[in-house]
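J.: Have a look; sequence and predicted model below, questions after that.
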Amino acid sequence: MQNDARRAEILSTLAKNQKPISATTLAAAYHVSRQSIVGDIALLRASGADIIATSRGYLLAAASRQPLLKKTIACRHDAAAIREELYIAVDEGCTVADVSVEHPLYGELRGQLQLSTRHEVDAFLARSAECAAQPLSLLTSGIHLHTLLCPDEAAYRRVTEKLRAAGILLSE
């Protein structure tokens, strides 16, 4: 398969899936190396494809086909409260799309999460522990933002109420 044809197939595969697909899985499907897939994704992104790289793989930003309410919340907590914070959001039917912090040198730093279930939260935290990776919020004394994709305004209100009660939602 020629490189251009493979890239078109990769884009088609991502468009048909709502869950992230790893570079390893794509490499096996197209009989190339993982590094070839990473390069393909870079070229697709450079050509304008809105591909998100998560810790579990790649997905198209448009892959969440249901119309969702996009909200940003500000939080502050230590590393011990990450699981509680993420569980609160996913338990109310929201997806935690990303996390961002304001760095004094680099400006906004953003990490793609795309977490929608407790299983995905647990897998993300396990991977974080495996890699000994520190959360972005460590750079900002625990202050960070999350973009939430919520099914409706009521789900968003439930999340913010529960985060406020847990002392996680940053208040004025």
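T.: Yep, it's here.
J.: in this protein, which spans are strands?
T.: Taking DSSP state E as the criterion, the chain contains strands spanning 51-54, 57-60, 69-76, 95-103, 107-115, 143-150.
J.: Counting by contacts, list what the last one packs against.
T.: I take that to be strand 143-150. strand 69-76, strand 95-103, helix 153-165 (3 or more Cβ pairs under 8 Å, 6 or more residues apart in numbering; DSSP states H and E). Heads up, the C-betas are built off the backbone N, CA and C, glycines and all.
J.: about what we covered before: residue 45 is nearest to which of the strands of the chain?
T.: Evaluated over the strands of the chain, closeness to residue 45 peaks at strand 51-54, with 5.3 Å, by Cβ to Cβ.
J.: Any stretches of the protein with poor pLDDT?
T.: Of all residues in the chain, those with pLDDT under 70 make up the ranges 1, 62-67, 172.
J.: Report the residue ranges of every domain in it.
T.: Here the chain is described, according to automatic domain parsing, as comprising the domains 3-62, 69-165.
J.: At the geometric centre of the chain, which residue sits there?
T.: With distances taken as Cα atoms, centre = their mean, residue 113 lies nearest the centre of the chain, 1.8 Å away.
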